[in-house]
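Participant: just to be clear, the model below is a prediction. Sequence and coordinates:
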Amino acid sequence: MSVLVLQLGIVLFAVRLGGALVKRLGIPPVLGELLSGVAVGPYALGGIAFPGFPHGIFPLGEGLAVSSELYAFATVASIILLFSSGLETDLGLFLRYSIAGGVIGMGGVIFSFVLGAFSGAVLLDIPLFDPRCLFLGILSTATSVGITARILSDQKKMDSPEGVTILAAAVFDDVLGIIALAVVLGIIALLSGNPGDALPVSAVLGIAGKAFGIWLGFTALGLIFSKQLARFLKLFRHSFDFSILALGIALILAGFFEKQGLAMIIGAYIAGLSLSKTDIATVIQERIHGLYAFFVPVFFAVMGMMVNVREFFSTGVLVFGVIYTAAAICAKVIGCGGPALLLGFNRRGALRIGAGMVPRGEVALIIAGIGLASGILDTKLFSAVILMTLVTTLAAPPLLNSALRVKGNGTRKPVKGEDTATARWEFPSDEVADLVMNFLLRDLRAEGFYVQMMNVSSGISHARKDDIALSINETGNVLSVETAGEDLPFVKTAVYEVILSLNESLARLGESSDPKKLKRELAGMEGRARDGALSLITEDAIITALAGNTKEEIIAELVDLLDRNGKLIDRNIVLEDVLQREKTMSTGMEHGIALPHAKTGGVSDIAVAVGIKKDGVDFDALDGEKSRLFVLTVSPKKTSGPHVQFLSAVAALLQDGETREAMINAVSRDEVMFLLRKGR
């Protein structure tokens, strides 16, 4: 266990550093996490011996390259990943656009499977129905649409005919890939039970039908009883409770499917798909995001650890990998682009669609891990699959960007959506942009739009109803919507309606609440929780003789103190955010106290500074008196932390007149710290 926790700690640092590094280069973080695993794995740095670890911190395991305990973490991660994918699947989009998306998605899956399996049969000189060939076929079918969505959004092509078609086809690709995996696992189970025997076609079809029947039956039951399932989960009331229990359902289904000879990820995907159309789907996604962020990068690292670096660069693996990768790319370009030519797209449009379906990613790695763990794939084939995943993910952005830069429409006849326009709104803060985004998506769903979120945290959503397609992107405090030029008035009206509704709600809130009363209540709060909160104040963040003579100068002086102590990431951003907060409502309290504060992107953790100005300055206080004691608090945006608790603790401490006056008259930092400790 001690080795396991050490390994996990090292992996967490490795994946964060690797992901951040490649992200700066414009490469998807998943590849950085994968390569981090290769670097620290048993075939590289992790296998180097040093005192206490004669075989390295990541010694080679029995059967697998990693220990069974670490691989167990990767298995749980794969379940969380596929459960999230199921939650994100837009079933309405799947059914609504089943013709175009279905034909193109099915073409991509069939071509990819056939070419992948055929490549294995030719290169390995084995029968086409050999389990290795079947697995290589399945591995070639997966598509990582998140990468494509980001490219389409950057190029403002998300709501183009090609963009809409790619997103609809990707939904089919996911569903058909899971079905194909269930069928192939059933066939492999039959083949492993009859080694060396020629199996009749009827037996193969029978086991494939059984696997498909199990998948279809559980999927149908999940969708039919989805509302009842959501109602049952909501009996546990708190969103954290029912979200964790929803994941529990995914774990139970995953275990059941594994017992039936199918893959765990199939059960996990069905659990997510069953809840995808319920009113708690987005809540579950948000609540399990912390688990996702912890487990899933560990999974990618573990997959990287199982790559034998020596074999990876061997001639045989490189030759096989290059040919297999070329087949995987051609399969998507031909398999998806070919049917597109029959659906009204020209060669430009067909190439764009084919290129958009090229990147492989998470699902391919999960299936590869299943194949390696079950002994179907050896380390050489596994390395070739990793090479295919790396190359297709890296090649997709330049390939798709090049196809999109070719001038001209992608359809044979001009259609709505060829000439796009973008509406852009900049809000005062990230929180306001989040609020408007959430209300806009809610209103679009109420209007009958099918809304597809690309992933938990990408900030990109796609909405479609009839011939109206919207690409919605939130970046920081900016919300932009891309659509056909003729639909721009609809977009502007929808966003303005949201803003108007929020303004009216806030106005009603203001009418029912007295700001001065609220501030008095804050100043009079009991300080039961202040013990831990007040410990945030340190001696080096105290000034007993402030030089400033205005509100702005006092705040700037306290911000500079924190900056000198290394507590800030960006001094200017912090100062701007605190001053902006003051413009909204003064933080001058009663009895000479002021509590300037802000949520800001200029800090990574909560930071506090205390200043004393014995003569006082005008801080627009509640009682009209000058403020003499200042406590500046800044904390990061979009993270939970003791921001409000700290403000409450300070207000409660300074409620005591004797403590307050003694602190204002203090002449040294030691004296202030003594009073704080006494107040706790």
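Facilitator: That came through, no problem. This is a predicted model, so every value here is computed, not measured.
Participant: when you work out contacts or count neighbours from here on, use the C-alpha atoms and nothing else.
Facilitator: OK.
Participant: check which helix or strand covers the closest residue to residue 665 other than its chain neighbours.
Facilitator: Leaving aside its sequence neighbours, residue 665 sits nearest to residue 614 (Cα to Cα, 6 or more residues apart in numbering; 7.0 Å). In this assignment (DSSP states H and E), residue 614 forms part of strand 607-617.
Participant: ditto for residue 558
Facilitator: Of the helices and strands defined by DSSP H and E, residue 558 is found in helix 551-564.
Participant: and that helix, what does it pack onto?
Facilitator: Here helix 551-564 touches helix 571-584, strand 607-617, strand 627-636, going by 3 or more Cα pairs under 8 Å, 6 or more residues apart in numbering; DSSP states H and E.
Participant: helices of the stretch 301-450 of the chain, start to end?
Facilitator: For the stretch 301-450 of the chain, applying DSSP state H, counting those that start in this stretch gives helices covering 309-312, 315-341, 347-356, 362-373, 379-405, 430-446.
Participant: residue 108: which of those helices is closest?
Facilitator: Nearest of those to residue 108, taken as Cα to Cα: helix 315-341 at 4.2 Å.
Participant: give me the mean pLDDT for the longest helix seen in the chain.
Facilitator: For the chain, the longest helix by residue count, based on DSSP state H, is helix 161-193. For helix 161-193, the mean pLDDT works out to 73.
Participant: next secondary structure element downstream of the least confident helix or strand in the chain by mean pLDDT?
Facilitator: None of the helices or strands of the chain scores lower by mean pLDDT, DSSP states H and E than helix 530-533, at a mean of 48. Using DSSP H and E, the helix or strand that follows helix 530-533 towards the C-terminus is strand 542-543.
Participant: what is that next one packed up against?
Facilitator: If you count contacts as 3+ Cα pairs under 8 Å, 6+ apart, strand 542-543 packs onto strand 607-617.
Participant: now the strand it packs on: buried residues?
Facilitator: 607-614, 616-617 (16 or more other Cα atoms under 10 Å).
Participant: tell me the strands beside it, with direction?
Facilitator: strand 542-543 (parallel), strand 627-636 (antiparallel) (DSSP bridges).
Participant: of those, which is nearest residue 62?
Facilitator: Closest approach to residue 62 among the strands paired with strand 607-617 is made by strand 627-636 (44.7 Å; Cα to Cα).
Participant: please save the CA atoms from that closest one in CSV.
Facilitator: In CSV, the C-alpha atoms belonging to strand 627-636 read as follows (Å, rounded to 0.1, in the frame of the first residue of the first chain):
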residue,chain,number,x,y,z
SER,A,627,-12.5,53.5,8.4
ARG,A,628,-9.3,52.7,10.4
LEU,A,629,-8.9,48.9,10.3
PHE,A,630,-8.8,47.2,6.9
VAL,A,631,-8.8,43.5,6.2
LEU,A,632,-8.3,42.7,2.5
THR,A,633,-9.4,39.2,1.3
VAL,A,634,-8.8,37.8,-2.2
SER,A,635,-9.6,34.3,-3.3
PRO,A,636,-9.6,32.4,-6.7
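Participant: could you dump stretch 334-354 to CSV, C-alpha only?
Facilitator: Extracted C-alpha coordinates of stretch 334-354, given in CSV (Å, rounded to 0.1, in the frame of the first residue of the first chain):
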residue,chain,number,x,y,z
ILE,A,334,-13.3,7.1,-47.1
GLY,A,335,-15.9,5.4,-44.8
CYS,A,336,-17.4,8.8,-43.6
GLY,A,337,-16.5,10.9,-46.7
GLY,A,338,-17.9,8.4,-49.2
PRO,A,339,-21.4,8.3,-47.8
ALA,A,340,-21.3,12.1,-47.5
LEU,A,341,-21.0,12.4,-51.3
LEU,A,342,-24.3,10.5,-51.5
LEU,A,343,-26.0,13.0,-49.1
GLY,A,344,-25.5,16.2,-51.0
PHE,A,345,-21.9,17.1,-50.1
ASN,A,346,-19.2,17.8,-52.7
ARG,A,347,-15.6,16.6,-52.4
ARG,A,348,-14.6,19.5,-50.2
GLY,A,349,-17.4,18.8,-47.8
ALA,A,350,-16.8,15.0,-47.8
LEU,A,351,-13.1,15.5,-47.1
ARG,A,352,-13.9,17.8,-44.2
ILE,A,353,-16.3,15.3,-42.7
GLY,A,354,-13.8,12.4,-43.1
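Participant: quick one: average pLDDT of stretch 363-381?
Facilitator: 82.
Participant: distance from it to the middle of the chain?
Facilitator: 25 Å (Cα atoms, centre = their mean, to the nearest Å).
Participant: need the residues that contact it.
Facilitator: Residues outside stretch 363-381 that contact it (Cα atoms under 8 Å, 6 or more residues apart in numbering) are 63-64, 78, 82, 131-132, 135, 139-140, 142-144, 263, 300, 303, 306-308, 311-312, 317, 382, 385-386, 389.
Participant: just stretch 231-241 next, same as before
Facilitator: With Cα under 8 Å, 6+ apart as the test, stretch 231-241 has contacts from 242-243, 245-246, 283-284, 287.
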